[in-house]
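[1] just to be clear, the model below is a prediction. Sequence and coordinates:
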Amino acid sequence: MTASADEPFRVVFVCTGNICRSPMADVVFRSLADAAGLRDRVASTSAGTGDWHVGERADQRTLEALERRGYDGSRHRARQFTHADFGRSDLVVALDRSHERILSGWARNEGDADKIALLMSFDPAAPTLDVPDPYYAGPGMFDDVLGMIESASRSLFRQLEPAIRSTT
């Protein structure tokens, strides 16, 4: 952990196109930080491994699933992960193993590679390491995926919170 009293802990969530899973994870994680009174101590964002949706809003079904659970994803605009994200992030969270492989291939050194983790690896009750891509599924799948992301994000936040608090 590299957060200090002057710098927040920085997390980037990564999926394929940055319009479904990673925006959900970013919104949920920021909500957890806000609820814990750590808004200024945590900075999160999201990105995609591909550039197909750069500049677009999150998928409408993502926004609707978030809204049904009381979150606001309206500010999201898709972007592609870049090498600079390794330098400006303390933790790079992949939403599935394909993203983890891509990110590992993009890592320029051991320091970059050490920042990569799978979101579901933080949830001891998770039945899988991959958050499924709901893009080609119906709205119910978006709700299911959001539930998985919420559970794993809570576990991730619980692990990070003591160290984040100790820098305040």
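    Yep, it's here. Numbers count the residues shown, from 1 in each chain.

[2] quick check: phi and psi on residue 45?
    With angles defined as degrees, to the nearest 10, residue 45 sits at phi -150, psi -180.

[3] tell me the contacts of it?
    By C-beta atoms under 8 Å, 6 or more residues apart in numbering, the contact list for residue 45 reads 11-13, 26. Glycine gets a C-beta too; all of them are placed from N, C-alpha and C.

[4] one more pass at 7 Å, please.
    12, 26 (C-beta atoms under 7 Å, 6 or more residues apart in numbering).

[5] just the one 5 residues further on next, same as before
    By C-beta under 7 Å, 6+ apart, residue 50 lies in contact with 16-17, 80.

[6] would you map the strands across the protein?
    Applying DSSP state E to the chain gives strands spanning 9-15, 42-48, 91-94, 116-118.

[7] as CSV, the ones you listed with mean pLDDT and distance to residue 71 would be great.
    Shown next, in CSV, are these (pLDDT from 0 to 100; distance: least, C-beta to C-beta, whole Å):
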stretch, mean pLDDT, distance to residue 71
strand 9-15, 98, 14
strand 42-48, 97, 13
strand 91-94, 98, 17
strand 116-118, 98, 22
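
[8] which one of those lies closest to residue 167?
    strand 9-15 (7.7 Å; C-beta to C-beta).

[9] now that closest one against strand 42-48, angle please.
    Following axes from the mean of the first three to the mean of the last three C-alpha atoms, to 10 degrees, one obtains 20 degrees for the angle between strand 9-15 and strand 42-48.

[10] residues in contact with strand 9-15?
    So strand 9-15 is in contact with 1, 3, 21-22, 25-26, 29, 41-49, 81, 85, 88-95, 99, 103, 160, 164, going by C-beta under 7 Å, 6+ apart.

[11] cool, stretch 17-26 as well?
    13-15, 44-48, 50, 52-53, 56, 58-59, 62, 66, 73, 76, 78-79, 93, 95, 119, 131, 133-135, 145-146, 149, 153.

[12] repeat the analysis, applying 8 Å as the threshold.
    So stretch 17-26 is contacted by 13-15, 44-48, 50, 52-54, 56-59, 61-62, 65-66, 73, 76, 78-80, 93, 95-96, 119, 131, 133-135, 142, 145-146, 149, 153 (C-beta under 8 Å, 6+ apart).
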